[in-house]
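Novice: here is my input, please return the structure:
(one chain, ligands or ions: 2)
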Amino acid sequence: MISVKEAKDLISQHITALNPISIDLAKASGHVLAAEVYAKYDIPAFSQSSMDGYAIKFADHEQELTLIGEMAAGTATTITIQNGQTSRIFTGAPLPEGADTVVMQEKITRKDEKITLQDSNLKLGLNVRDKGSEIKAGALAMEKGNLLSPAAIGFLAGIGINKVSVYPMPKISIIVTGKELQQPGKTLEFGQVYESNSYSLSAALKYEGIEQIVVYEADDDLEILKKVLETAIESSDVVLLTGGVSVGDYDFVIEAATHCGIKQIFHKVKQKPGKPLFFGTKDQKLIFGLPGNPSSVLSCYYNYVLPSVKTLSHKSNSVIEVQAALTHPYSKAAGLTHFLKGKYENGLVTPLSAQESYRLSSFAQANCLICLDEIQEQFKKSNILTVMILPD
Ligand SMILES: Nc1nc2c(c(=O)[nH]1)N[C@H]1C(S)=C(S)[C@@H](COP(=O)(O)OP(=O)(O)OC[C@H]3O[C@@H](n4cnc5c(N)ncnc54)[C@H](O)[C@@H]3O)O[C@H]1N2
Ligand code: MOO
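Specialist: Numbering: from 1, shown residues only. Ligands and ions are numbered 1, 2, ... in the order given. Below is the predicted model of the structure:
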């Protein structure tokens, strides 16, 4: 059996980011840019008023001006002002030819078509957004590797970009195995358990912005599992199996994986929960055999699957590790790294009750996983431990 660190290192040695694709900007939120974006145009594309008011020649500001027309936002035509003239102008409208300054409408007096200015702070260019002041045509608008946040998407749209090259989100198949599984909402017959693993995994993946998720159910039957696994590998970048990865007579994941040409990278990790974890690859595709217990599934997801999925999309891991002081003593046997469901607050961490891997009630309350060293047995109050903060 390998250690948690060895398992993580082996996984990262087998992952590279997916090939970039070109997508509509409107669908690019949450993706990482795979190529620099350059501005095609000067933005603003014309000198623009930032206020509702009057466009003037600054040199005329001390004299009475004659109103000769209007420039509204979106106007397709322009006008020209001569010395001693002004034009009505509105926020976002192009400056008329000849104007260089805008006076707010609150700072003038108007009598019919005659305008006098009362703005003691007026200066040349006031209330004008210069052409190209946001960005100049040909300038670098965004570096590659940038995460497309809502603001980044808005900025690119605002400079006229409608397609971007990004690292795609992986396509993911989830295969839940087990003939005991029943869908939530249906009546449980004797021996059945509600199927929850596809729910927790899909929810966690959707939370990361991954939308292409297909869920398959496979009975505890080798032939069925082989077929489902083959289909899943063909249509996805990552396959997550749950259950059937241990040593029972109906645990067929390892055999099905071999049949499908999956190269086993490791099986079994010195950890609790999630000891029978399997990881393999086929070409560039990643196959995780997650132990069936619901809590093992999620613990392995945050430790191994999530960082992998992030790397595929060229993103950094969203599970952050911090150091925290234990609020209660805790003991365990030596030999396995333990991941305890915990509550972290202000540098202190408390293990929750109900740590067994068949239970999710504590996970549902937890905001972190507490990492307990493989060898150490006794953990005293105030011991400083590594804590994985789970995404909100
Ligand atoms: N003799 C041994 N037995 C077991 C060992 C071992 O080392 N020697 N390891 C135990 C550990 S640890 C784990 S974890 C489990 C993992 O077993 P499998 O991956 O083969 O999982 P299953 O047996 O199929 O299921 C385990 C458990 O989880 C429930 N389950 C499965 N799928 C779902 C689902 N989609 N939703 C909800 N619950 C699910 C299933 O009913 C079982 O109760 O093996 C131990 N045994
Ligand atoms: O490792 Mo298992 O996941 O303890 O129940």
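Novice: please count neighbours and contacts with C-alpha atoms only from this point.
Specialist: Will do.
Novice: next, count neighbours for residue 262.
Specialist: The local packing of residue 262 (other C-alpha atoms under 10 Å) involves 21 other residues.
Novice: looking at it now. What's its pLDDT?
Specialist: Residue 262 is assigned 97 on the pLDDT scale.
Novice: kindly report the residues of the protein close to ligand 2.
Specialist: By C-alpha under 6 Å from any ligand atom, the residues of the chain that approach ligand 2 are 272, 273, 274, 275, 291, 293, 296, 357.
Novice: and those residues, which of them are in strands?
Specialist: Among the residues of the chain next to ligand 2, DSSP state E puts residue 272 in strands.
Novice: return the item of the residues of the chain next to ligand 2 having minimum pLDDT.
Specialist: Among those, residue 357 carries the weakest pLDDT, at 93.
Novice: list the contacts for the nearest residue to that residue once chain neighbours are set aside?
Specialist: Nearest residue to residue 357, sequence neighbours excluded (C-alpha to C-alpha, 6 or more residues apart in numbering): residue 295, at 4.7 Å. Neighbouring residues of residue 295 by C-alpha atoms under 8 Å, 6 or more residues apart in numbering: 273, 356, 357, 358, 359, 360, 363.
Novice: what segments of the stretch 1-150 of the chain are helices?
Specialist: Applying DSSP state H, counting those that start in this stretch to the stretch 1-150 of the chain gives helices spanning 4-13, 150-158.
Novice: near ligand 1, which residues of this structure?
Specialist: Counting by C-alpha under 6 Å from any ligand atom, the residues of the chain near ligand 1 are 176-178, 193-197, 242-247, 251, 274-275, 291-294, 296.
Novice: which among the contacts of residue 295 end up buried?
Specialist: Neighbour-count burial (16 or more other C-alpha atoms under 10 Å) applied to the contacts of residue 295 gives 273, 356, 357, 360, 363.
Novice: how far away is the third one from residue 338?
Specialist: Residue 357 sits 11 Å away from residue 338, going by C-alpha to C-alpha, to the nearest Å.
Novice: quick one: residue 387 from residue 36, how far?
Specialist: Counting by C-alpha to C-alpha, the gap from residue 387 to residue 36 is 36 Å.
Novice: mind giving me the domain ranges of the protein?
Specialist: 4-19+169-312, 21-38+140-167, 48-129, 320-386 (automatic domain parsing).
Novice: follow-up on the earlier one: just the buried ones among the contacts of residue 295: which are in helices?
Specialist: Among the buried ones among the contacts of residue 295, the members falling in helices (DSSP state H) are residue 363.
Novice: any chance of the buried ones among the contacts of residue 295 in a markdown table, with distance to residue 8 too?
Specialist: Listed next are the buried ones among the contacts of residue 295 as a markdown table, based on distance: C-alpha to C-alpha, whole Å:
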| residue | distance to residue 8 |
| --- | --- |
| 273 | 15 |
| 356 | 23 |
| 357 | 21 |
| 360 | 24 |
| 363 | 22 |
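Novice: looking at residue 387 and residue 36, which is more packed in?
Specialist: More neighbours surround residue 387 than the other of residue 387 and residue 36, with 28 against 14 (other C-alpha under 10 Å).
Novice: pretty sure that one is in a strand, no?
Specialist: Yes: according to DSSP: H, G, I helix; E, B strand; the rest coil, residue 387 belongs to a strand.
Novice: report the beta-bridge partners for it.
Specialist: Note on residue 387: beta-bridge partners residue 322, residue 370, judged by DSSP bridges.
Novice: and the nearest residue to residue 93 once chain neighbours are set aside, what does it touch?
Specialist: Leaving aside its chain neighbours, residue 93 sits nearest to residue 73 (3.9 Å; criterion: C-alpha to C-alpha, 6+ apart). Applying C-alpha under 8 Å, 6+ apart, we find residue 73 in contact with 90, 91, 92, 93, 94.
Novice: mind checking pLDDT for the fourth one?
Specialist: Right, the one you point to is residue 93. For residue 93, the model assigns a pLDDT of 98.
Novice: list the contacts of it.
Specialist: 48, 49, 71, 72, 73, 74, 75.
Novice: can you select the buried ones from those residues in PyMOL?
Specialist: The buried residues among the contacts of residue 93 can be selected in PyMOL (16+ other C-alpha under 10 Å) with this line:
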select buried, resi 48+49+71+72
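Novice: before we move on, the earlier item: quick check, pLDDT for the residue nearest to residue 93.
Specialist: Model confidence at residue 73 (pLDDT) stands at 96.
Novice: again, but for the one 10 residues further on
Specialist: In the prediction, the pLDDT value recorded for residue 83 is 97.
Novice: my read: it touches residue 60, true?
Specialist: Yes: between residue 83 and residue 60 there is a contact at 6.9 Å, judged by C-alpha atoms under 8 Å.
Novice: paired strands for the helix or strand encompassing residue 173, with orientation please.
Specialist: Assigned by DSSP states H and E, residue 173 belongs to strand 172-177. Strand pairing for strand 172-177, using DSSP bridges, gives strand 213-218 (parallel), strand 238-242 (parallel).
Novice: sweet, I'm off.
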